[in-house]
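Asks: Sequence and predicted model, in that order:
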Amino acid sequence: MTKPMTSVAVMQLVERELVGLDDDVRSFVPELKDIQVLQGFENIDSESKLSKRAVYQPLEGKLTLRYRTRPFPNNFVEDNTDVLTTT
């Protein structure tokens, strides 16, 4: 129940023009200053398809409240289905 409560509180701040949807969230939450995003996966072992390592890169541009409404690219699951399945 915390996510809906937080969302309502933030939207009230937006309504009062204390926070903007396009403001950089990192100015309010310093812990997110060095956030990295998933770039993809790379094979650790050439013999095994399940031996993969996540590759991250620094976030370019601003991290905004508007950006948060789209947590994954449209092709995230389609491109990485072999990583998400287990045997």
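Replies: Cool, the structure landed.
Asks: list the buried ones in the host helix or strand of Ala54?
Replies: According to DSSP states H and E, Ala54 maps onto strand 52-58. Residues of strand 52-58 classed as buried by neighbour count (16 or more other CB atoms under 10 Å): Lys52. In this view, the C-beta of every residue, glycine as well, is placed from N, C-alpha and C.
Asks: Run through the helices of this structure in chain order.
Replies: Secondary structure of the chain, counting by DSSP state H: helices at 2-15, 65-68, 76-79, 81-84.
Asks: and the longest one, which residues are buried?
Replies: To tie it back to what came earlier, the one meant is helix 2-15. For helix 2-15, using 16+ other CB under 10 Å, the buried residues are Val10.
Asks: helices or strands next to it in the packing?
Replies: Helices and strands in packing contact with helix 2-15 are not found; criterion 3 or more CB pairs under 8 Å, 6 or more residues apart in numbering; DSSP states H and E.
Asks: any idea how far that helix is from the chain center?
Replies: 19 Å (CA atoms, centre = their mean, to the nearest Å).
Asks: if we look at that helix, which residues are touching it?
Replies: 19-21, 65 (CB atoms under 8 Å, 6 or more residues apart in numbering).
Asks: Let's see if you can find the most crowded of these.
Replies: Counting neighbours by other CB atoms under 10 Å, the top entry in the contacts of helix 2-15 is Leu65, with 19 neighbours.
Asks: out of everything not next to it in sequence, what's closest to that residue?
Replies: Leu21 (4.9 Å; CB to CB, 6 or more residues apart in numbering).
Asks: just checking, the one you found touches Lys62?
Replies: No - using CB atoms under 8 Å, Leu21 makes no contact with Lys62, being 10.9 Å away.
Asks: shared neighbours of those two, which are they?
Replies: Common neighbours of Leu21 and Lys62 (CB under 8 Å, 6+ apart) do not exist.
Asks: rewinding a little: kindly report which one of the helices of the chain carries the lowest mean pLDDT.
Replies: Among those, helix 81-84 carries the lowest mean pLDDT, a mean of 43.
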